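Visitor: I need the structure of the sequence given here:
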Amino acid sequence: MPSYSFKCNDCYTIFKVNCRIDDRQNQLCPSCKSKSYETYHEGGNVVIDSVRLGVRTIDNGFREVLSKIASNNPKSNLASKLSRR
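Guide: Now for the predicted structure:
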């Protein structure tokens, strides 16, 4: 079951609840029992997936494969692109 974080609008308590997505609106603040709260997103450590961001890195093994392809195809401009790095 997913965990959701909320911040109470009355007493500013931050609380977490394990509930179904449909039950998010039916929660009570554990401190003041208020039903007035909003979803709270904690700041902190964020893991960023470089592939999803479109960042590509070329490791040495991949560079060797590209070099072999470039040497077998002299008309390709791949060899000049590899030599720039």
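
Visitor: what about the nearest residue to Leu28 once chain neighbours are set aside, neighbour count?
Guide: Nearest non-adjacent residue to Leu28, counting by C-beta to C-beta, 6 or more residues apart in numbering: Lys35, 6.2 Å away. All C-beta atoms are positioned from the backbone trio N, CA, C, and that covers glycine. Using other C-beta atoms under 10 Å, Lys35 has 12 other residues around it.

Visitor: residues contacting Lys35?
Guide: Gln27, Leu28, Cys29 (C-beta atoms under 8 Å, 6 or more residues apart in numbering).

Visitor: Of those residues, keep whichever come out buried.
Guide: Gln27, Cys29 (16 or more other C-beta atoms under 10 Å).

Visitor: Pick the one among the contacts of Lys35 closest to Lys68.
Guide: Using C-beta to C-beta, the shortest approach to Lys68 within those belongs to Gln27, at 59.6 Å.

Visitor: my read: that closest one touches Phe6, true?
Guide: Yes. The pair Gln27 and Phe6 qualifies as a contact (C-beta atoms under 8 Å) at a distance of 6.5 Å.

Visitor: So for the two, which residues contact both of them?
Guide: In contact with both Gln27 and Phe6: Val17, Tyr37, using C-beta under 8 Å, 6+ apart.

Visitor: Just to be sure, the residue nearest to Leu28 is in a strand?
Guide: No. Applying DSSP: H, G, I helix; E, B strand; the rest coil, one finds Lys35 to be coil, outside a strand.
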